[in-house]
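**Q** pasting the sequence and the predicted coordinates here, then a few questions.
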Amino acid sequence: MKHLDVVAAILIYNGKILCMQRGAGKYPYVSYKYEFPGGKIEPGETKHAALERELREEMNIDITVKETDLYITVNHQYPDFSLTMHAFYCPMMSPDFVRKEHIDAKWLNLVDMPTLDWSAADIPIMEKIVKEHA
């Protein structure tokens, strides 16, 4: 079974967190679900460099991520693959971005985050943020 090592950004602006909705994909259990943006770590790439690259490619966000910004690492088993997701806190100076790969995006207050239909691997991240900061 394939294993993916991925990174995700907890993008924060004015106390709100950016929640991104995936479009249709290869697997129905992640299609149209909300997630924290990010992507796969390429061979030889550090986690923070991978996240900086993914945010530039997917959203035109130029942000500096430090390894010390790591918030949580989640291991999740989907039916067809497993993943290890490293989620980083990423405060933003502006709420501006370009939505290139997702079908929807919402800036939400913490209390509203559980109302979305989250991808299973992203749920522990969302729950920890809400629990620790609500």
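**A** Great, that's in hand. Numbers count the residues shown, from 1 in each chain.
**Q** give me the most central residue, this protein.
**A** The centroid of the chain falls nearest to residue 36 when counting by C-alpha atoms, centre = their mean (2.1 Å).
**Q** and the gap between that one and residue 1?
**A** With distances taken as C-beta to C-beta, to the nearest Å, residue 36 is found 23 Å from residue 1. Heads up, the C-betas are built off the backbone N, CA and C, glycines and all.
**Q** retrieve the pLDDT associated with the residue nearest to the centre of the chain.
**A** If you check residue 36, the pLDDT there is 98.
**Q** return the residues in contact with it.
**A** Applying C-beta atoms under 8 Å, 6 or more residues apart in numbering to residue 36 gives the contacts 8-11, 18-20, 87, 122, 125-126.
**Q** which one (most neighbours) among those?
**A** residue 9 (28 neighbours; other C-beta atoms under 10 Å).
**Q** what's the helix or strand for that residue?
**A** Element membership for residue 9 (DSSP states H and E) is strand 2-13.
**Q** next structured bit after that strand?
**A** strand 16-21.
**Q** angle of that next one against strand 2-13?
**A** 140 degrees (axes from the mean of the first three to the mean of the last three C-alpha atoms, to 10 degrees).
**Q** what does strand 16-21 rub up against?
**A** Residues from elsewhere that reach strand 16-21 (C-beta under 8 Å, 6+ apart): 9-12, 32-37, 95, 97, 99, 102-110, 113, 116, 129.
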